[in-house]
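*Asks:* Sequence plus predicted model, see below.
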Amino acid sequence: MPEFFANLDTLAARLRQELSTKKYVLLYAYNGTGKTRLSMAFKDQGKQGDTRDTLYFNAFTEDLFYWDNDLEGDTERRLMFNRQSRFFSGIDELEMDNRIRPLLQRYVDFDFLIDAESGCVRFSRTVEKIEGEEVRRKTVDNIKVSRGEENIFIWCFFLAIVELAMDKEVEAYRWVKFVYIDDPISSLDEHNAITVANHLAQLLKKPGHDLKTVISSHHTLFFNVLHNEFGNVRSYFLMREKDGDGYHLKEQKGDTPFFQHVEILRELNRAASTGDLYTYHFNMLRTLLEKAASFHGLKKFGDCIQQSPDDADGILHTRLINILSHGNYSLFEPREMIDENKQYFRKILEDFKNKFPFNPELFVEEPTEA
């Protein structure tokens, strides 16, 4: 049975208790479940006066950096950072450039220079230019990197600090006992998701440190790679009550990776059976169909929809999912489907289950406690 938690504070306390005996905890959750807020609740429970115990990476970490694009001259483009944050407490004396650069070179082809006094980072890239029969290399300074490249830089900045915290030799980060990482790969392609997950696991598995780590993500591939890399690790599926009150934590047991599509299918089957169908369930259904299409080598998710001899049902249902899965459907303000859409939803789901048979035991409801 999944564990139930009335709020994020009790859930954060549960994770801290888990880490008293475990070194790593993995959480999978949909976007909108509350992963970022959970990371902040976890961090806040480690605050006592001016002391802290959690180094975290989440959307707030990324917000410590912002661009000064030099709108007047359009030449001095700099990535600024908030010097007031403890995240940068060791930046003056620790030669962070040389610590970050080996990590960053795994992913990108640009270089950078940190100006600690001004609180900014300047980026450069070496380009090749053909002049006659010669190839000349030229360094272009003060470039504005892409959003994905910026995220990778911030991520490598964070990893460099994690390494310092692991070593315990630097006073600036000796306070770190826990590392909490929430979705570091939102702007990465599949290849880089695998690379980042593998690199992160190898870093955290280094012997000789006592840091405890929580990693939460909505990215299935990233989660599965970490699950495999860590081996014997506690992995959970985090779910939120549809009315926003409370959270469920379901452990993923066994040695196999966490198959997110199976949990999606179980949730959709339960919702279809009870009639508790909300507009966002079409988003989940599309995700399920896309994963199935990818697994079977099909070109598009519509190929997984059961079609009638004249193809009418397939066209209609594909269009329905296209339309209804692109709405601004919030998990915090769920809207119930109209009856007609419920009928369409059930038919698409049942046809999918018939076309691609799953173990029927997946759809047997677990007994509830009295």
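*Replies:* Everything's here; your move. Residues are numbered from 1 along each chain as shown.
*Asks:* Tell me which helix or strand comes right after the worst-scoring helix or strand of the chain on mean pLDDT.
*Replies:* Among the helices and strands of the chain, helix 312-324 carries the lowest confidence by mean pLDDT, DSSP states H and E, at a mean of 68. The helix or strand immediately downstream of helix 312-324 is helix 339-355, counting by DSSP states H and E.
*Asks:* Now do the helices in this protein.
*Replies:* Secondary structure of the chain, counting by DSSP state H: helices at 8-18, 35-44, 59-62, 96-104, 147-167, 190-204, 220-230, 260-274, 281-295, 312-324, 339-355.
*Asks:* Buried residues, the longest one. List them.
*Replies:* Read that as helix 147-167. The neighbour-count check on helix 147-167 (16 or more other Cβ atoms under 10 Å) flags 148-166 as buried. Bear in mind the C-beta positions are built from the backbone N, C-alpha and C, glycine included.
*Asks:* In the stretch 201-350 of the chain, where is pLDDT below threshold?
*Replies:* For the stretch 201-350 of the chain, the stretches flagged by pLDDT under 70 are 242-244, 253-260, 263, 306-316, 324-334.
*Asks:* what residue lies at the spatial centre of this protein?
*Replies:* Central residue of the chain (Cα atoms, centre = their mean): Asp183, 2.6 Å from the mean position.
*Asks:* where do the strands sit along the stretch 1-150 of the chain?
*Replies:* Secondary structure of the stretch 1-150 of the chain (DSSP state E, counting those that start in this stretch): strands at 3-5, 24-28, 54-57, 65-68, 78-81, 110-115, 120-131, 134-143.
*Asks:* could the ones you listed go into TSV alongside mean neighbour count?
*Replies:* As requested, the strands of the stretch 1-150 of the chain are exported to TSV (neighbours: other Cβ atoms under 10 Å):
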stretch	mean neighbour count
strand 3-5	14
strand 24-28	23
strand 54-57	23
strand 65-68	13
strand 78-81	19
strand 110-115	16
strand 120-131	14
strand 134-143	11
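*Asks:* And those: which comes nearest Ser217?
*Replies:* strand 24-28 (6.4 Å; Cβ to Cβ).
*Asks:* So what touches that closest one?
*Replies:* If you take Cβ atoms under 8 Å, 6 or more residues apart in numbering as the criterion, strand 24-28 is touched by 15, 18-19, 35, 38, 204, 212-218, 220, 223, 226-227, 230, 233-238, 252, 258, 260.
*Asks:* same thing with stretch 58-76?
*Replies:* By Cβ under 8 Å, 6+ apart, stretch 58-76 touches 35-36, 39-40, 77-82, 85, 87-88, 120-121, 142, 144, 150-151, 154, 158, 180-183.
*Asks:* and what of stretch 195-209?
*Replies:* 24, 103, 106-107, 155, 159, 162-163, 166-168, 179, 181, 184-185, 188, 211, 213, 215, 221-222, 225-226, 229-230.
*Asks:* Give the bridge partners for Lys129, please.
*Replies:* For Lys129, the beta-bridge partners are Arg136 (DSSP bridges).
*Asks:* can you tell me how far it sits from Arg136?
*Replies:* Per Cβ to Cβ, to the nearest Å, Lys129 is found 5 Å from Arg136.
*Asks:* How about Gln17?
*Replies:* 61 Å.
*Asks:* Ok, Leu349 next?
*Replies:* 60 Å.
*Asks:* cool, Asn69 as well?
*Replies:* Asn69 is 28 Å from Arg136, by Cβ to Cβ.
*Asks:* wait, which of the strands of the stretch 1-150 of the chain is closest to Gln343?
*Replies:* Of all the strands of the stretch 1-150 of the chain, it is strand 24-28 that lies closest to Gln343, at 30.8 Å by Cβ to Cβ.
*Asks:* Tell me which strands that closest one pairs with, and in which orientation.
*Replies:* So strand 24-28, judged by DSSP bridges, has these partners: strand 212-217 (parallel), strand 234-240 (parallel).
*Asks:* Of those strands, which stretch is the most buried?
*Replies:* A comparison of these by mean neighbour count, using mean count of other Cβ atoms under 10 Å, puts strand 212-217 on top with a mean of 24.
*Asks:* From the chain's centre, how far out is that strand? Work that out for me.
*Replies:* The chain centroid and the centroid of strand 212-217 are separated by 10 Å under Cα atoms, centre = their mean, to the nearest Å.
*Asks:* circling back: bridged to the nearest residue to the residue nearest to the centre of the chain once chain neighbours are set aside, which residues?
*Replies:* Nearest in space to Asp183, with sequence neighbours left out and distances taken as Cβ to Cβ, 6 or more residues apart in numbering, is Ser217 at 5.3 Å. Beta-bridge partners recorded for Ser217 (DSSP bridges): Tyr28.
*Asks:* Hmm, Phe223 and Ser217 touching each other?
*Replies:* Yes. The criterion here is Cβ atoms under 8 Å, and Ser217 meets it with Phe223 at 5.0 Å.
*Asks:* Find me the pLDDT at the nearest residue to Leu103 once chain neighbours are set aside, would you?
*Replies:* Closest residue to Leu103 apart from its sequence neighbours, by Cβ to Cβ, 6+ apart: Cys156 at 4.1 Å. For Cys156, the pLDDT comes out at 94.
*Asks:* got the contact list for Cys156?
*Replies:* With Cβ under 8 Å, 6+ apart, Cys156 has these contacts: Ile100, Leu103, Leu104, Tyr107.
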